[in-house]
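K.L.:
I would like the atomic coordinates for the input below:
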Amino acid sequence: MSGTFRNLGVTVISIDAQSRTINVKDLASGQPVLVRTNGDSQLHRLPSTVAGVLAKLNSAGTTDSRSGSHAGDEPVDVQQMVKRSPALDLAELKPGDRLIVVSTEGTKPSEVMAIDIFAGVDAILAARPTGGNQADLGSW
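P.N.:
This next block holds a predicted model:
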């Protein structure tokens, strides 16, 4: 897949499972964003071990999943870790949940179409690259 993508760290405000939308607050800008989902959108809950590895990579400033990044002594295949994470149903989300949303870059900054939505990401959002003041959501 190619194009311009947008990675957002967000907090859930409300969920409308019938219309397949999530109202969220963008953690970087503080602005509200409407996240739309469709049949192609993938929702996953990252296990705490996966989120911990990703947070460690982010805090070290290493986020390229295909470059042979390391966590400890083992090479990490971030894409495989994420792909194997348990599926999540939109109705399982609750206000206050923190998510990472990967979307296409749309025409409206206040509205996105989700490609991937990840829950269980608190450790990742809290991680800061060395010398940085914002979480780097990386290219995974």
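
K.L.:
Would you mind pulling the contact partners of the strand ranked longest in the chain?
P.N.:
What stands out as the longest strand in the chain, according to DSSP state E, is strand 5-16. Among residues not part of strand 5-16, those counted as contacts by C-beta atoms under 8 Å, 6 or more residues apart in numbering are 21-28, 32-33, 35, 90-91, 93-105, 112, 115, 121, 125, 135, 137-138. Yep, even glycine has a C-beta here, placed from its N, CA and C like the rest.

K.L.:
which element follows that strand toward the C-terminus?
P.N.:
strand 21-26 (DSSP states H and E).

K.L.:
which residues touch that following strand?
P.N.:
Outside strand 21-26, the residues that touch it by C-beta under 8 Å, 6+ apart are 8-16, 31-37, 90, 93, 99, 101, 117.

K.L.:
what comes into contact with the helix or strand following that strand?
P.N.:
For strand 21-26, the following helix or strand on the C-terminal side (DSSP H and E) is strand 32-36. With contacts defined as C-beta under 8 Å, 6+ apart, strand 32-36 is touched by 8, 10, 13, 20-26, 101, 103, 109-114, 117.

K.L.:
Mind giving me the packing neighbours of the following helix or strand past strand 32-36?
P.N.:
Next helix or strand after strand 32-36 toward the C-terminus (DSSP H and E): strand 42-45. Strand 42-45 is packed against strand 111-119, with contacts defined by 3 or more C-beta pairs under 8 Å, 6 or more residues apart in numbering; DSSP states H and E.
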